[in-house]
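Undergrad: with the sequence up front, the predicted model follows.
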Amino acid sequence: MILSIDLGSTNFKAALFDGLLNRVGESSLPSPYICNDGSCVEMDVEAVRKTIVELIKNSCKAAGIDTTSIESVAVGSQAQNFTILDENGNARCPVISWLDTRSGDEAEELWETLGVDWHEHYSFPNLNGSVQLAHLLWLHNNIPNIFEGSFNVVTLPGLVFELLAGVNLSDENLAAMNGTYSLKLRDWRLGAIEKCGVTALNMPQCVPVGEAVIVESDCKELELRKELRLVSAGNDQTAGAFGNACKGDDMIATLGTALVAYRHTGEQPGPYGKNGCWGPYPGGGYYELAFTNNGCQALDWARSVLMPDSEVKAFDAAAERAIPSIDATTGTFHAESIRTDQAWRGDFVNDDEKAYAVLEGITFDLYKLIFEDLAAPKGTSLRVVGGGSHSEIWLQLIADTLNCTVSAGDGDSLLGAAAMAAGRDVTTLKSKVFHPNSARRHLLDCRRSGGE
């Protein structure tokens, strides 16, 4: 039996799969933040451990199996989150999230010496305050003695492996997003981490993404079989793409909290463009992604303003009613300006038109990610995952705007991580295909370009 875990920004999720990748039980719990005020974003290490134990127990209960039936554990995760543990596994600081923005000054300091060839070594094109490397320097500067004696830098998924087997494990896909591991050297970049008071001995064992490591279990909280296969399944977008059989020139879009465009790029290493994030893909080759923080986060905010307490279907219905009245003079929605009076701009007849503009505005952002940031060829077919993939009006709008076929993906990051552990490719189910409507394309092109 394969236990698959996804450590997301909103929820921690787990599912059990059999050898044929049939899902037999699952559970979900809120991510255990102790601080999340937009600047300081942290989780308590013990709360993370307790949440993981509860998640595993709940998943096994849902599947009707004992924890000793688990043979493999595969973990995908939001990137960048980490803590510092001493040699006895005690935390010297909370888990610091990639959403934490306190280390902006440290990022600028590191950029002065590392910025010249940064993107050749690391996934993200820029070094900002969300990168683990900057957080390490912040800890070094602000918490005296934190890096004295024996200690380990442990990622959020590494806490799962440490809990189950007492090992500090990560993978190249995640490590390259942290600013600590060089994709060019395929090793820890010593000059960078040593600026923070850290050496290679303090870093995790780093393996290819999706590669199994066989260990002896060592967990007081759970009864497990003696031998476990541990799989570090990379960032959640990679696990999700693998769970949707992303190969060749496939493009995956995630309509989740963030808006993400993701593609498999083949065997040639990056970087591919100045705005794209790149890194290793399971089984070989590389990926590239581009993102904006305002995907369904912007949609949820707009719904709370226009139709508080309404269901998503009601919002979709309002947007659909507005389509016949939309022309070049109708106002527009700008996701980057949510929570301000500049989110909707221009003239609207009613709230139905504003609802339509929300879906359209986020779709225009997706167009930019795919064709400008990732420079994907026109006509690229697209599979859409995430909460927004259940909206047929939105999928049709994406097909019309991008002038390509669009379908909803049926896999997720849990399935992708399990497939890596099983060493199997995912077989995707056939879903409804949305074809572009040429009659609407000219209007959408005009609205996207601001009437030019």
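TA: Arrived safely, thanks for sending.
Undergrad: show me what contacts the nearest residue to Gly386 once chain neighbours are set aside?
TA: Distances taken as Cβ to Cβ, 6 or more residues apart in numbering place Gly256 nearest to Gly386, at 3.7 Å, with adjacent residues excluded. Using the backbone N, CA and C atoms, a C-beta is placed for each residue, glycine as well. Shown in contact with Gly256 (Cβ atoms under 8 Å, 6 or more residues apart in numbering): Gly295, Cys296, Val385, Gly386, Gly387, Gly388.
Undergrad: need the pLDDT of the third one.
TA: What it means is Val385. Predicted confidence (pLDDT) for Val385: 91.
Undergrad: so it sits right up against Met251, yeah?
TA: No - between Val385 and Met251 there is no contact under Cβ atoms under 8 Å: 11.4 Å.
Undergrad: how about residues contacting the longest helix along the chain?
TA: As assigned by DSSP state H, the longest helix anywhere in the chain is helix 45-63. Identification of contacts with helix 45-63 by Cβ under 8 Å, 6+ apart yields 1, 3, 5, 12-16, 24-29, 31-32, 34, 66-67, 69-70, 83, 85, 91, 94-95, 156, 159-160, 163, 221-222.
Undergrad: try it again at 6 Å.
TA: Contact with helix 45-63 is made by 12, 14, 16, 24-27, 29, 32, 67, 83, 91, 95, 159-160, 163, 221, as judged by Cβ atoms under 6 Å, 6 or more residues apart in numbering.
Undergrad: what's the ChimeraX syntax to select whichever of the residues you listed are buried?
TA: The buried subset of the contacts of helix 45-63, as determined by 16 or more other Cβ atoms under 10 Å, is captured in ChimeraX by this line:
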select :12,14,16,24,25,26,27,32,67,83,91,95,159,160,163
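Undergrad: the contacts of helix 45-63 in strands, which ones?
TA: Within the contacts of helix 45-63, residues falling in strands by DSSP state E are Phe12, Ala14, Leu16, Val24, Gly25, Glu26, Ser27, Leu29, Thr83, Val95.
Undergrad: list the contacts of the fourth one.
TA: This points to Val24. Leu16, Asp18, Ala63.
Undergrad: repeat that for 7 Å
TA: By Cβ atoms under 7 Å, 6 or more residues apart in numbering, Val24 lies in contact with Leu16, Phe17, Asp18, Ala63.
Undergrad: measure the first one to Asp412 for me?
TA: So the one you mean is Leu16. Separation of Leu16 from Asp412 (Cβ to Cβ, to the nearest Å): 14 Å.
Undergrad: same check, this time on the second one
TA: Counting by Cβ to Cβ, the separation of Phe17 from Asp412 is 12 Å.
Undergrad: check the last one too.
TA: Ala63 sits at a distance of 17 Å from Asp412 (criterion: Cβ to Cβ).
Undergrad: tell me which element the residue lying closest to Asn437 once chain neighbours are set aside is part of?
TA: Distance criterion Cβ to Cβ, 6+ apart; nearest residue to Asn437, sequence neighbours excluded, is Asp400 at 5.0 Å. Using DSSP states H and E, Asp400 falls within helix 392-402.
Undergrad: so between Phe17 and Asp412, which is more surrounded?
TA: Using other Cβ atoms under 10 Å, the more surrounded residue of Phe17 and Asp412 is Phe17, with 25 against 22.
Undergrad: who's in contact with that one?
TA: Ile2, Ser4, Arg23, Val24, Ala418.
Undergrad: number of residues surrounding the third one?
TA: Each residue near Arg23 was counted by other Cβ under 10 Å, and the total is 15.
Undergrad: all helices of the stretch 351-452 of the chain, in order?
TA: 351-367, 392-402, 413-422, 438-448 (DSSP state H, counting those that start in this stretch).
Undergrad: can you list contacts of the third one?
TA: Contacts to helix 413-422, defined as Cβ under 7 Å, 6+ apart, come from residues 2, 4, 6, 13, 15, 17, 19, 21, 72, 74-76, 210, 212, 229, 231, 233, 236, 239-243, 282, 425-426.
Undergrad: buried subset of the residues you listed?
TA: Buried, going by 16+ other Cβ under 10 Å: 2, 4, 6, 13, 15, 17, 21, 72, 74-76, 210, 212, 231, 233, 236, 239-243, 282, 426, out of the contacts of helix 413-422.
Undergrad: next step: those residues restricted to strands.
TA: Using DSSP E, the subset of the buried ones among the contacts of helix 413-422 located in strands is 2, 4, 6, 13, 15, 17, 72, 74-76, 212, 231, 233.
Undergrad: need these in TSV with pLDDT and distance to Leu55, can you?
TA: Below are those laid out as TSV (pLDDT from 0 to 100; distance: Cβ to Cβ, whole Å):
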residue	pLDDT	distance to Leu55
Ile2	98	15
Ser4	98	11
Asp6	96	10
Lys13	97	8
Ala15	98	10
Phe17	97	15
Ser72	98	16
Ala74	98	14
Val75	98	11
Gly76	96	14
Ala212	97	21
Val231	98	17
Ala233	97	16
